[in-house]
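J.: fold the following, please.
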Amino acid sequence: MLLKSEIAVAKNTVSYSPNVVFFCPEESQFYAQCIEKMVLNQCFEQEEVIEFGAGEGSPVISSLLKSQFTGTIHGYELNPVSSKLAQERISQYNLNNKYQIHNQCFFEGFRKSQATYLIANPPYLPALDNDICMPALHGGIDGAGITMQLLSMGCENVLLMISAYSNPVETIEHALNQGYQVVDFMISPLQFGYYSSEPKVRQRIEELKKQGKAFYSENVYFLAGVLFKKQSLYNVDLSSELLKVMKAL
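T.: Predicted coordinates:
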């Protein structure tokens, strides 16, 4: 059940076209829950978090409103409409000291960052090119291109949303090859929505299923929030368990 504060954060997005500002309340709510549980509640004082693709800011804002996090989250968002909306909401909830939006390239900001956590709900729509209703959501021909790129950045802790229809097996294998372990994850079933039901995207998802790179039922796919940590003797790797769930459909 959504809290009143979360409902208030989510409502403003409705007035914007979904082709201009990403709008999927169910996915944003789940992303917020993952941030709160696996990142903000685990952080020590004054830790720095860096976010790829802040969008209109509602997931991070919702998680901050329910946590005792005292550090700073730097969100990077190229879409000027989304970044402006995010900044307005941050000011509305008096979170300017905890959440800062940068309307610039994430990869430039990452080089200057001292962040201990990287978080993202990266674009994961698979298509042969980015000529789709919202090009910024294109994740490459298998949907996993940007996700794998983020896992190659070398951050100590990485929280990513991973779709079961976007080549999750090779994504996890790539993470392991980059020296990560899956130390925690959360799973949510989602229905195919506005973006994933676009014919060009849905056709590509069906092609990936035939190749053994996408897993879903007729109407539902699994979205996972996955926390990766650099390998340590103190960690228990849950990658096998994660993939069993992701492939269940």
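
J.: C-alpha from now on. contacts and neighbour counts both.
T.: OK.

J.: which parts of the protein are helices?
T.: Assigned by DSSP state H, the chain shows helices spanning 4-11, 25-38, 58-65, 80-92, 106-112, 145-151, 168-177, 199-210, 239-246.

J.: what's the most buried one of those?
T.: For the helices of the chain, the largest average neighbour count (mean count of other CA atoms under 10 Å) is found in helix 58-65, namely a mean of 23.

J.: who are the packing partners of it?
T.: Applying 3 or more CA pairs under 8 Å, 6 or more residues apart in numbering; DSSP states H and E, one finds that helix 58-65 makes contact with helix 4-11, helix 25-38, helix 80-92.

J.: state the mean pLDDT of the shortest one.
T.: Read it as helix 4-11. Average pLDDT, helix 4-11: 49.

J.: please apply the same query to the last one.
T.: Per-residue pLDDT values over helix 80-92 give a mean of 96.

J.: contacts for that helix, please.
T.: For helix 80-92, contacts defined as CA atoms under 8 Å, 6 or more residues apart in numbering pick out 9, 20-21, 54-58, 61, 77, 96, 99-103.

J.: please pick the buried ones from those residues.
T.: 9, 21, 54-58, 61, 77, 96, 99-103 (16 or more other CA atoms under 10 Å).

J.: closest to the centroid, which residue in the protein?
T.: The centroid of the chain falls nearest to Asn121 when counting by CA atoms, centre = their mean (1.2 Å).

J.: let me see the contact set for that residue.
T.: Asn121 neighbours (CA under 8 Å, 6+ apart): 31, 52-53, 160-162.

J.: return the member of these nearest to Pro168.
T.: Ile162 (6.9 Å; CA to CA).

J.: residues near Asn94, how many?
T.: For Asn94, the number of neighbouring residues by other CA atoms under 10 Å comes to 11.

J.: for Val182, see how far away Ser239 is.
T.: Using CA to CA, to the nearest Å, Ser239 is found at 5 Å from Val182.

J.: with Pro25 instead?
T.: Per CA to CA, Pro25 is found 26 Å from Val182.

J.: next one: Met148
T.: In terms of CA to CA, Met148 sits 14 Å off from Val182.

J.: residue contacts, the closest residue to Cys43 other than its chain neighbours?
T.: Leaving aside its sequence neighbours, Cys43 sits nearest to Phe69 (CA to CA, 6 or more residues apart in numbering; 7.1 Å). Phe69 is in contact with 40-41, 43, 45, counting by CA under 8 Å, 6+ apart.

J.: give me the distance between Phe69 and Tyr31.
T.: In terms of CA to CA, Phe69 sits 17 Å off from Tyr31.

J.: then Ile50?
T.: Per CA to CA, Ile50 is found 15 Å from Tyr31.

J.: low pLDDT regions in this protein?
T.: 1-15 (pLDDT under 70).

J.: try 90 this time
T.: Along the chain, segments meeting pLDDT under 90 span 1-20, 44-46, 109, 111-114.
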